[in-house]
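S.K.: Here is a sequence together with a model predicted from it:
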Amino acid sequence: MRWLARLIGFLIAVYVRLVSFTCRVVGPTVTQEQAVLAFWHEYNLVAAIATHRLRRHRHHVSFSTQTFRGEVMTAMLAALDAGSVPLPPEGDRAGAARLTLEMARVGQEGASVVISPDGPVGPYRRAKPGALIVAREAGIPIQPWAVSVRPAIRLKGRWDRHIIPLPFCRLRVEQAEPIRVRAREPLRPLLAALQAELQSIADRADRRMG
């Protein structure tokens, strides 16, 4: 079924390009700095549109799971000239450690890393420390993001209440102050700060969506 995943991924990429081309961007200027872009899982599609439209000169790399859905995402990212690194099976601690080092290497080579701290399966809007670990190892800041878009569809039957923007929408990126992680810095206090920043800008984005 790999061919089907690639086809679906390609079609989603076509849709991303369509919405990116037709949307009207409003709001403040989006940062162009290298960063770990961190946003809730519900913004994955709209964030792909925002990075494609507003950060075209940056190479972005994200996670993907070793599932059919993950293969779809990998194909979509490839069609958008972005990269992906597969997640190890759940419970594979050695694989998780290798993944963190791989994402850090990607960051050290100049790419921006894209992470949904509550992904890939939730809980909804509860941050986990992966983004902080990658930022610490790569030596690049975390840039908290949220994206408001109108009109859009909310998939309320999914755990993440995923957002699907429509062509000719209005799109606005909400940003918080970057979070910098020093080498060997304890992550627990920073995880609370990341949770608070992501929730704050997500609430702002929700208000703008109405």
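M.R.: Right, received. Where do you want to start?
S.K.: remind me which residues of the chain are low pLDDT?
M.R.: Filtered on pLDDT under 70, the chain yields the residue ranges 90-91, 210.
S.K.: which residues in it form helices?
M.R.: 2-22, 44-54, 68-79, 93-108, 130-138, 188-209 (DSSP state H).
S.K.: Of the ones you listed, flag the one that's most buried.
M.R.: Most buried of the helices of the chain, by mean neighbour count (mean count of other C-beta atoms under 10 Å): helix 130-138, with a mean of 24. No exception for glycine: its C-beta is placed from N, CA and C like everyone else's.
S.K.: For that one, list the C-alpha coordinates in PDB.
M.R.: Only the C-alpha atoms of helix 130-138 are listed here, as PDB (Å, rounded to 0.1, in the frame of the first residue of the first chain):
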ATOM      1  CA  GLY A 130      11.000  16.200  22.800                       C
ATOM      2  CA  ALA A 131      11.200  19.700  21.500                       C
ATOM      3  CA  LEU A 132      13.300  20.800  24.400                       C
ATOM      4  CA  ILE A 133      15.700  17.900  24.000                       C
ATOM      5  CA  VAL A 134      16.200  18.600  20.300                       C
ATOM      6  CA  ALA A 135      16.600  22.300  21.000                       C
ATOM      7  CA  ARG A 136      19.200  21.600  23.700                       C
ATOM      8  CA  GLU A 137      21.200  19.200  21.600                       C
ATOM      9  CA  ALA A 138      21.000  21.300  18.400                       C
END
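S.K.: returning to what we had before: which of the helices of the chain sits closest to residue 31?
M.R.: Checking these against residue 31 by C-beta to C-beta gives helix 44-54 as the closest, at 9.3 Å.
S.K.: Also compute the angle for that closest one relative to helix 2-22, please.
M.R.: Between helix 44-54 and helix 2-22, the angle comes out at 60 degrees (axes from the mean of the first three to the mean of the last three C-alpha atoms, to 10 degrees).
S.K.: List of residues touching helix 44-54?
M.R.: Residues from elsewhere that reach helix 44-54 (C-beta atoms under 8 Å, 6 or more residues apart in numbering): 12, 16-17, 19-20, 23, 25, 30, 37, 39, 58, 60, 76, 80, 82, 114, 116, 119, 145, 147, 149, 152, 162-165, 171, 173.
S.K.: Let's see that with 7 Å instead.
M.R.: Contacts to helix 44-54, defined as C-beta atoms under 7 Å, 6 or more residues apart in numbering, come from residues 16-17, 19-20, 23, 25, 30, 39, 60, 80, 116, 145, 147, 149, 162-165, 171, 173.
S.K.: Now render the helices of the chain as a markdown table, adding distance to residue 156.
M.R.: Formatted as a markdown table, the helices of the chain follow (distance: least, C-beta to C-beta, whole Å):
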| stretch | distance to residue 156 |
| --- | --- |
| helix 2-22 | 20 |
| helix 44-54 | 15 |
| helix 68-79 | 19 |
| helix 93-108 | 31 |
| helix 130-138 | 26 |
| helix 188-209 | 13 |
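S.K.: Many thanks, have a good one.
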